[in-house]
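In: Show me how the following folds:
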Amino acid sequence: MAVIVTILVGFVMMTLGSALLLLGEVPFIAGKRISATRSRLIGAVLFSFMPLAFAMGALCNLIFGAGEVEGPVVTSFVFSFCCLAIFVILFRVLIPKRPPRKTTAKAGLKKESTFDPASPVLKEAPAWMEPEAEPPPPSKTAPPKKGRKPAADSNPFDFG
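Out: Sure, this is the predicted structure:
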């Protein structure tokens, strides 16, 4: 029974660990984000749980003799070690050194939209927002040019 539980928990932890190894930066609680480095370290710890549990079980059997140390004891010890390692890696994400930065502008200035026409910051409309000026009327001094009609025999697109 202990081997089945170890395999089941190990499979879940390895799946989550491989996802964290591949994804990199991931979202966390309350809009916080886990950086790519921390995420990959956590993924490595989670991924190594099952191989580490079986290796520790085999090492204990080798050192103390077969059957002296039970499997659930070793598995729970390795699981606790992995959880402690994950908490140490996540400690600065959960409890930051300083409060998060405010996104408002510094020195008490209120940032206003430059595209809002009612904004006092926008004194006049930018050039690209003004209507285009009409083209000047054609001058009467130059006669309009007449185009030549192509000859009917040399027009390759005349199918009529």
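In: Helices along the chain, start to end?
Out: Taking DSSP state H, the helices of the chain run over residues 2-23, 36-47, 49-64, 71-94.
In: Buried residues, the longest one. List them.
Out: Right, helix 71-94. If you call a residue buried by 16 or more other C-beta atoms under 10 Å, then helix 71-94 has these buried ones: 71, 74-75, 78-79, 82, 85, 89-90. To be clear about C-beta, it is placed using only N, CA and C from the backbone, and glycine gets the same treatment.
In: got it, and the second one?
Out: Of the residues in helix 36-47, those buried by neighbour count under the rule 16+ other C-beta under 10 Å are 38-43, 45-47.
In: which helices and strands sit right next to it?
Out: Secondary-structure packing of helix 36-47 (3 or more C-beta pairs under 8 Å, 6 or more residues apart in numbering; DSSP states H and E): helix 2-23, helix 71-94.
In: That one vs helix 71-94, what angle?
Out: Orientation check (axes from the mean of the first three to the mean of the last three C-alpha atoms, to 10 degrees): helix 36-47 against helix 71-94 gives 170 degrees.
In: just to revisit the earlier point, and of the helices of the chain, who's closest to S154?
Out: helix 2-23 (65.3 Å; C-beta to C-beta).
In: Check which helices and strands the closest one sits against.
Out: Helix 2-23 packs on helix 36-47, helix 49-64, helix 71-94, going by 3+ C-beta pairs under 8 Å, 6+ apart.
In: Out of those helices, flag the one nearest P131.
Out: Comparing the helices and strands packed on helix 2-23 by C-beta to C-beta, helix 36-47 comes nearest, at 48.9 Å.
In: Contacts for that closest one, please.
Out: Helix 36-47 is contacted from outside by 13-14, 16-26, 34, 82, 85-86, 89-90, 93, using C-beta atoms under 8 Å, 6 or more residues apart in numbering.
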